[in-house]
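J.: Structure for this input, please:
(one chain, ligands or ions: 1)
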Amino acid sequence: MTASPETHPDALEASADDFALDDFGLADEFALATQTPLLPLLVARIEASGGRITFVEFMGDALGHPEHGYYSRTGLAWGRDGDYETSPEVHPIFGYLWARQVLECWQRLGEPSVFALVEVGCGSGAFMRAMLTWLRARAPRCFAAVRPVMLDGHANRLADQRAHLAGAGFEVEHALTSDWLARAKRVTGVVISNEFFDALPVHLVRREGERLFERYVTHEDGTLAFADGPLSTPAIAATFARLGLQPGDGALAEIGLAAAEAMRAITSKVERGYVLSIDYGYPARDLYASWRRQGTLMAFRRHSPQPDPLAEPGRLDLTVHVDFTSLAAAAEGFEAASLVSQAEALMALGLGEALRTASQRASADAQRFAADRRAAEVLCEPEGLGRIRVLALAKGAPLDGLRCLRPVLA
Ligand SMILES: C[S@@+](CC[C@H](N)C(=O)[O-])C[C@H]1O[C@@H](n2cnc3c(N)ncnc32)[C@H](O)[C@@H]1O
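T.: Below is the predicted model of the structure:
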């Protein structure tokens, strides 16, 4: 006689023998949540590379794999509906204020009849749309000269941006950065970017005494893990030697060779003009300060930092703070201004004045004024977007006294 499951002391074992687990459809929810279509492809790549890949390769795939990368996939949400909020998504005032800077650059360049406005890494397209909206309404002569170009690394993003700009009636050239770099003639104008360089893949390094190690990505039974090894390229040590700096002993750090290369390539296309790079980052001496122990790499999902940058590859946004010293050095032939914070730049471009004007509408539309004021605060928050920095570079054009660099309270 078979004992009933209720009375048999080995009831659970007996039922496991008798029924296939799949009959119950009970999966390991944690494993399912962390499994992404990219994970097996990364594991295969690691295997094919002899057991490990560099973090720059991992991050390149996690963000940019043609099908499953965070930035390359279809249907990426931005702003509140996405994983993080950038300044152009907070409020169009961000783009309106930078359009004022674009206008001043055009004037400083002698009001050329053809003037390139190149944005790199354009997200939803909100930044370019706001800049063109302001120029069309407030600076029609400059608007007539502007030839807008939107560059992105991913075809799906370009398609979204094209739709966004066409919806507002703007004609814009859209191109993959690599295509534009290969074919474009040198331009006179402005190259502007917001949080572009901080989304480019980095090498991870760790200093141990006098030696630098590289942090690779390996896997253990299909789960990604870090493993240290020798430097994969002499360019890493060469960069630290050029900077005359090292990460602190025992500290982790990132090194953005791709960001410096992107800056070199993009600035090589500027005959005369300005490059305005708005990004999270520090001068190298602060980025590699000895007290910084864990580097700046962050993973985000739904506006929350995630503990493991290797988890859910392709589903998390990955970002680092940029080394502005190396970015400026990569822009050959350009003069660089001292960095200013986003809060300082936006105030210099007239955020305070814009709010005063908006306040005159407060009695007519209190809700809208409250939203505008809240947006201004968010853009300038010292612990948030306000601490983003602006690197202004100029070639064949005056940099001194550029509007975004002028101290407001001087
Ligand atoms: C952090 S998002 C910033 C988006 C937008 N600038 C904003 O502020 O909302 C980074 C952007 O850079 C783009 N990107 C990534 N690699 C790129 C590359 N090699 N060239 C141009 N854009 C790239 C991404 O597709 C995305 O649009």
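J.: Show me the shaky parts of the chain.
T.: Residues of the chain that meet the criterion pLDDT under 70 lie in 1-34, 409-410.
J.: residues from it in reach of the ligand?
T.: 71, 86, 88-89, 120-123, 127, 151-154, 157, 177, 194-196, 199 (CB under 6 Å from any ligand atom). (Glycine included, C-beta is placed from N, CA and C.)
J.: Grab the nearest non-local neighbour of Thr239.
T.: Among residues not flanking Thr239 along the chain, Ile255 sits closest, at 5.9 Å (CB to CB, 6 or more residues apart in numbering).
J.: Strands - which of the residues of the chain next to the ligand land there?
T.: 120, 151-152, 194 (DSSP state E).
J.: From Ala345, how far off is the residue nearest to Thr239?
T.: Distance, Ile255 to Ala345, using CB to CB, to the nearest Å: 27 Å.
J.: quick one on the thing from earlier: give me every residue that touches the residue nearest to Thr239.
T.: Applying CB atoms under 8 Å, 6 or more residues apart in numbering, one finds that Ile255 lies in contact with 202-203, 205, 236, 239-240, 323.
J.: What residues are bridge-paired with it?
T.: Per DSSP bridges, the residues bridged to Ile255 are His203.
J.: Quick check: it vs the ligand, distance?
T.: According to CB to the nearest ligand atom, to the nearest Å, Ile255 stands 17 Å off from the ligand.
J.: Please apply the same query to Arg272.
T.: 23 Å.
J.: same question, Phe170
T.: With CB to the nearest ligand atom as the criterion, Phe170 and the ligand are 16 Å apart.
J.: Same question for that residue, what's its three-state structure.
T.: Secondary structure, DSSP: H, G, I helix; E, B strand; the rest coil: Phe170 is coil.
J.: Most proximal residue of the stretch 301-410 of the chain with respect to the ligand?
T.: As assessed by CB to the nearest ligand atom, the ligand sits closest to Thr319 within the stretch 301-410 of the chain, at 6.7 Å.
J.: Could you give the number of residues near that residue?
T.: For Thr319, the count of nearby residues is 23 (other CB atoms under 10 Å).
J.: Tell me which residues touch it, please.
T.: By CB under 8 Å, 6+ apart, the contact set of Thr319 is 84, 195, 198-199, 280, 297-298, 300.
J.: Wait, His91 touches Ala375, no?
T.: Yes - using CB atoms under 8 Å, His91 is in contact with Ala375, at 3.5 Å.
J.: re earlier: list only those of the contacts of Thr319 flagged as buried.
T.: 84, 195, 198-199, 280, 297-298, 300 (16 or more other CB atoms under 10 Å).
J.: Just give me the neighbour total for Ala329.
T.: A count of neighbours around Ala329, defined by other CB under 10 Å, yields 18.
J.: what residues are up against it?
T.: Here Ala329 is in contact with 242, 260 (CB under 8 Å, 6+ apart).
J.: And whichever helix or strand Glu47 is part of, what does it pack against?
T.: According to DSSP states H and E, Glu47 maps onto helix 38-48. The elements that helix 38-48 packs onto, with contact taken as 3 or more CB pairs under 8 Å, 6 or more residues apart in numbering; DSSP states H and E, are strand 53-54, helix 55-64, strand 211-220, strand 223-229.
J.: can we see that at 7 Å?
T.: Helices and strands touching helix 38-48, by 3 or more CB pairs under 7 Å, 6 or more residues apart in numbering; DSSP states H and E, are helix 55-64, strand 211-220.
J.: what's the angle from the first one to strand 211-220?
T.: Relative orientation of helix 55-64 versus strand 211-220 (axes from the mean of the first three to the mean of the last three CA atoms, to 10 degrees): 50 degrees.
J.: could I get helix 55-64 in PDB with only the CA atoms?
T.: C-alpha atoms of helix 55-64 as PDB (Å, rounded to 0.1, in the frame of the first residue of the first chain):
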ATOM      1  CA  PHE A  55      34.800  45.700 -18.800                       C
ATOM      2  CA  VAL A  56      34.900  48.100 -21.800                       C
ATOM      3  CA  GLU A  57      33.700  45.100 -23.900                       C
ATOM      4  CA  PHE A  58      31.000  44.200 -21.400                       C
ATOM      5  CA  MET A  59      29.700  47.800 -21.100                       C
ATOM      6  CA  GLY A  60      29.900  48.300 -24.900                       C
ATOM      7  CA  ASP A  61      27.500  45.300 -25.300                       C
ATOM      8  CA  ALA A  62      25.400  46.100 -22.200                       C
ATOM      9  CA  LEU A  63      24.600  49.500 -23.600                       C
ATOM     10  CA  GLY A  64      25.200  49.100 -27.400                       C
END
